[in-house]
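Peer 1: what shape does this take:
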Amino acid sequence: MLKITIRFLFVCLLCPFLSNASTNVDVIAYGQEEADPWESFNRSVFSFNETLDQYIFRPVAVGYKAVMPSIVDKGVTNFFGNIADVVSISNSLFQAKGGQAIELTTRVMFNTTFGVFGFFDVSTSFGLQKKKEDFGQTLAVWGVDSGPYMVLPFLGPSTIRDTSGIVVDVFLDPQFYQSDSLGVFVAKKTIWFIDFRADLLASENLIMGDKYTFIRNAYLQHRDFMINDGVVDDPFADESFEDFDDF
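Peer 2: Residues are numbered from 1 along each chain as shown. This is a model prediction of the structure:
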């Protein structure tokens with residue numbers, strides 16, 4: 001109960017700060033300077049992360065992909081995805097999405113029991129789709145502005161709001177309480193990161209133009225998509241396009 005109380009007080013104190021720190025920056029304005037007022041600093045951190053990735057993270061991910069059987073690789077991804085679903089359950093409740101919380105709870109139960117602790121994703125075959133919710137999305141639903149775009153050392157693209165959400169999600173992660181020490185928790189997250197980075201190898205060729213700008217815009221658009229549950233503005237839905245229905 002003490003931990004829960006501390007977390008609640010932390011969130012209550014954090015939300016007003018985030019609202020003031022946003023400086024009325026609209027991160028939905030993709031590619032506009034207003035979304036990235038700290039670009040010079042962000043590019044420096046981005047360059048630091050790229051150097052780490054080039055000499056450490058990517059080589060490790062390539063080696064992991066080379067030696068790990070595909071079924072084990074997929075199983076590790078499923079295992080950590082099952083744990084992430086627990087975090088999504090909490091945030092679904094915070095966002096008053098009761099039906100989604102029940103569906104995700106059922107999904108976790110199925111994958112944990114029939115899927116051997118989440119190693120196999122049996123829930124999807126039952127029509128229980130994965131829906132990712134994090135505390136950054138929860139803050140957005142609560143009306144907290146995103147704040148400026150920022151690049152975090154090691155962690156990559158984020159915003160003021162999403163960075164605060166990362167902190168809270170750590171306390172919602174069951175691995176945090178199942179680990180005997182902080183070192184064990186970090187070790188588990190390291191394994192997850194290596195598996196995650198290995199899964200990104202196939203997408204590297206999709207990046208075009210300036211890598212920093214591409215990743216920034218992709219991140220902001222993806223976050224907008226997630227926060228709005230996939231409901232985005234469709235410029236082709238305007239009445240002026242009705243004449244093209246026959247085509």
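Peer 1: which ones are touching Val67?
Peer 2: Val67 makes no contacts at all, as judged by C-beta atoms under 8 Å, 6 or more residues apart in numbering. Backbone N, C-alpha and C define where each C-beta goes, glycine included.
Peer 1: confidence score at it?
Peer 2: As predicted, Val67 sits at a pLDDT of 95.
Peer 1: how about low-confidence regions in the chain?
Peer 2: For the chain, the stretches with pLDDT under 70 are 1-33, 232-247.
Peer 1: all strands of it, in order?
Peer 2: Along the chain, counting by DSSP state E, strands occupy 149-152, 156-159.
Peer 1: if I look at Glu204, how far off is Phe176?
Peer 2: 31 Å (C-beta to C-beta, to the nearest Å).
Peer 1: so between the two, which is more surrounded?
Peer 2: Between Glu204 and Phe176, counted using other C-beta atoms under 10 Å, the more crowded position is Phe176 (14 against 9).
Peer 1: what is the top helix by length along the chain packed up against?
Peer 2: When the chain is parsed with DSSP state H, its longest helix is helix 70-94. Contacts defined by 3 or more C-beta pairs under 8 Å, 6 or more residues apart in numbering; DSSP states H and E place helix 70-94 against helix 98-113, helix 135-141, helix 160-172, helix 174-178, helix 182-199.
Peer 1: out of those helices, which is closest to Arg43?
Peer 2: helix 160-172 (17.6 Å; C-beta to C-beta).
Peer 1: stretch 197-204: which residues count as buried?
Peer 2: Along stretch 197-204, these residues count as buried under the neighbour rule (16 or more other C-beta atoms under 10 Å): Arg197, Ala198.
Peer 1: distance of the nearest residue to Thr77 once chain neighbours are set aside relative to Phe80?
Peer 2: In space, and not counting its chain neighbours, Thr77 is closest to Asp195: 5.7 Å by C-beta to C-beta, 6 or more residues apart in numbering. In this view, Asp195 and Phe80 are 7 Å apart by C-beta to C-beta.
Peer 1: sort out which residues of the longest helix of the chain are buried, please.
Peer 2: Buried residues in helix 70-94 (16+ other C-beta under 10 Å): 73-94.
Peer 1: stretch 132-141 now?
Peer 2: Buried, per 16+ other C-beta under 10 Å, within stretch 132-141: Glu133, Asp134, Phe135, Gly136, Gln137, Thr138, Leu139, Ala140, Val141.
Peer 1: kindly report the same for stretch 113-127.
Peer 2: Gly115, Gly118, Phe119, Phe120, Asp121, Val122, Ser123.
Peer 1: what's the most distant pair in these?
Peer 2: By the measure C-beta to C-beta, Phe119 and Ser123 form the most distant pair in the buried residues of stretch 113-127, at 12.5 Å.
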